[in-house]
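> Sequence below, structure please.
(chains A and B)
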Amino acid sequence: MNTALPTSIAEYLEQLRAALVGADPALVQDALYDAEEYLRSEMAENPKKSEAEVIASVAGSYGAPDEVADIYRDTEVTVNRALRAPPPRPRKSALGDFFGVIADPRAYTSMFYMVLSLATGIFYFTWVVAGASLSAGLAVLIIGIPFVILFFGSVRILSLVEGRLVEVMLGERMPRRPLYAERGKPLLQRIADMFIDPRTWSTMVYFLAMLPLGIIYFTITVTMIAIALGFIAAPVAVWFFGANAALGVDHWQLLSIRDDVIGTSVELWALPLLFVAGFLLLFFTLHVVRGIGMLHGLLAKHLLVKSAAY
Amino acid sequence: MTETDIQLKKFQKELSAGTVSLALLAVLARTDEPMYGYQIAKQLERFGDGVLSGKQSALYPVLRNLGAAGLLDSHVEPSVSGPPRRYYRLTGQGQQTLREWAAAWRATRDSVDSVLEGLLP
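I've put the predicted structure just below:
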């Protein structure tokens, strides 16, 4: 790509965006942010120079858009290699594949995210519903306008926070800098842009969806872990801690603790099977959790970032 | 671009990979004030040529990288001239790391120098 040197900051950022086409949207957002910081600072240092002159000198020190794009692409690769947990060794057998999940940190971080998502989901949902209804209610009053603007701004910040959570726990690359394009426009125009930007709306949809999703994630995780641990605990209790097997009080019970008597309704011969089933279920749970985490990462990427970069 | 130019560029790139991180830590260690990306880049520019005079856009991802590794502490402050700036300062771990890296660097420099000694015009 060999284009003429841009003459304004907006043009420079536009060229950089074009040069980064196809790169991870989160990387694009970071690169644009950094470039804008540098260009604006350079402008402030040299108030006498025109925008075109500043950009011409910056092309030497900071780099022309094409060069900058290359640098960011390169660095992203190195940084990923240096910072991310190394990907688990590919297992040769299907068996190794199934049990190897126990050594994958991503499975545990996903599990943590899923348990946490109940709390974050409730918070996001409440925030958006309360903010949106208050905005609608106050819209007829004069304080309604600043309130709406504040609410929309807060949604953007929350989106960045959620992005950090998703990147750390689910491993999906998310932006590290807020979206800060179109700096040159007047304030009113920027506020208007916030309302037109499809990302603002898709972010709200994401936050609303987080309540049901959070409940589902939390329930799946807790239920499956509880069942698996129960399956493992019952035989262990019988074999090592003198609990009774084949207990017949009231109704069938996997594990009952009552009046100092610990026991299970499972027959003695079936205990080893139960034990094995519990272990398999535990591994299966880790797979499910990791899979859901990956899917959720894609969903978050799509609703929080995708529409923004281009 | 001739063959030797390409090779020189490649060599510079490899050289700068680690030294830039070291130089960034050193620049931040020289002052008590937190600094933002542009300031750091200009500060580094003042120290002259060599691999550190490469494109300054390369510094930003490295800063972020060092921050993520816990060597730098950062916070954001609004600015009148553009987007809010992220200010960086060295953490305790960063100072420790800088000492170790500086020692490694000096050892490498000395041994490379002594190998080169008397060889070049």
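> C-alpha from now on. contacts and neighbour counts both.
Fine.
> Which stretches in chain B count as strands?
Using DSSP state E, the strands found in chain B span residues B:35-36, B:72-77, B:85-90.
> how about the ones you listed, which one is nearest A:I220?
strand B:72-77 (37.4 Å; CA to CA).
> Give me the contacts around that closest one.
B:L63, B:L66, B:G67, B:P84, B:R85, B:R86, B:Y87, B:Y88, B:R89, B:L90, B:T91, B:G94 (CA atoms under 8 Å, 6 or more residues apart in numbering or on different chains).
> please redo it, this time with the cut-off set to 10 Å
With CA atoms under 10 Å, 6 or more residues apart in numbering or on different chains as the test, strand B:72-77 has contacts from B:25, B:28, B:34-36, B:63-68, B:83-95.
> if we can go back for a sec, so which of the strands of chain B is nearest A:A136?
Using CA to CA, the strands of chain B put strand B:72-77 closest to A:A136, at 31.8 Å.
> Show me which of the contacts of strand B:72-77 are buried.
Among these, the ones that count as buried by 16 or more other CA atoms under 10 Å in any protein chain shown are B:25, B:28, B:34-36, B:63-67, B:83-91, B:94-95.
> Return the nearest residue of chain B with respect to chain A.
B:Q56 (4.5 Å; CA to the nearest CA).
> what sits against the residue nearest to that residue when sequence neighbours are not counted?
Leaving aside its sequence neighbours, B:Q56 sits nearest to A:Y62 (CA to CA, 6 or more residues apart in numbering or on different chains; 4.5 Å). In this structure, A:Y62 makes contact with A:35, A:38-39, A:55, A:68, B:38, B:41, B:54-59, judged by CA under 10 Å, 6+ apart.
> For A:I232, see how far away A:L273 is.
From A:L273 across to A:I232, the span is 10 Å (CA to CA, to the nearest Å).
> Could you tell me which residues touch both of these two?
Contacts common to A:L273 and A:I232, judged by CA under 10 Å, 6+ apart, are A:F279.
> sorry, back to before: now the residue nearest to B:Q56: phi and psi?
Note on A:Y62: its backbone torsions stand at phi -80, psi -40 [degrees, to the nearest 10].
> quick one: pLDDT of it?
A:Y62 is assigned a pLDDT of 83 by the prediction.
> what about stretch A:186-195 and chain B, touching?
No. With CA under 10 Å from any CA of the partner chain as the criterion, chain B is not reached by stretch A:186-195; the gap is at least 12.9 Å.
> How far away from the center of its chain is whichever helix in chain B runs longest?
Longest helix of chain B, by residue count under DSSP state H: helix B:3-29. Remark: helix B:3-29 is offset 8 Å from the chain centroid, using CA atoms, centre = their mean, to the nearest Å.
> Give me the average confidence score over stretch A:296-310.
Across stretch A:296-310, pLDDT averages out at 74.
> Surely A:R199 touches A:L303?
Yes. Assessed by CA atoms under 10 Å, A:R199 is found in contact with A:L303 at 7.0 Å.
> joint contacts of the two?
A:S159, A:V205.
> sorry, back to before: from the buried ones among the contacts of strand B:72-77, which are also near chain A?
On the criterion CA under 10 Å from any CA, B:Y36, B:R64, B:N65, B:L66, B:P83, B:P84, B:R85, B:R86 are the entries of the buried ones among the contacts of strand B:72-77 that sit beside chain A.
> Output the strands of chain B as JSON lines; include the columns distance to A:V161 and mean pLDDT.
Output for the strands of chain B, formatted as JSON lines (distance: least, CA to CA, whole Å; pLDDT from 0 to 100):
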{"stretch": "strand B:35-36", "distance to A:V161": "22", "mean pLDDT": "87"}
{"stretch": "strand B:72-77", "distance to A:V161": "14", "mean pLDDT": "84"}
{"stretch": "strand B:85-90", "distance to A:V161": "16", "mean pLDDT": "87"}
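> With distance to A:T221 added, can I get these in TSV?
Below are the strands of chain B laid out as TSV (distance: least, CA to CA, whole Å):
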stretch	distance to A:T221
strand B:35-36	43
strand B:72-77	35
strand B:85-90	38
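> ok, of the contacts of A:Y62, which come out buried?
Here, 16+ other CA under 10 Å leaves A:35, A:38-39, A:55, A:68, B:38, B:41, B:54-59 buried among those.
> By pLDDT, give me the weakest of these.
B:G54 (71).
> which residues does it contact?
A:G60, A:S61, A:Y62, A:G63, B:Q12, B:K13, B:S16, B:V20, B:E45.
> Just give the number of residues close to the last one.
What it means is B:E45. 15 (other CA atoms under 10 Å in any protein chain shown).
> In this structure it contacts A:S61, no?
Yes. Judged on CA under 10 Å, B:E45 makes contact with A:S61 at a distance of 8.7 Å.
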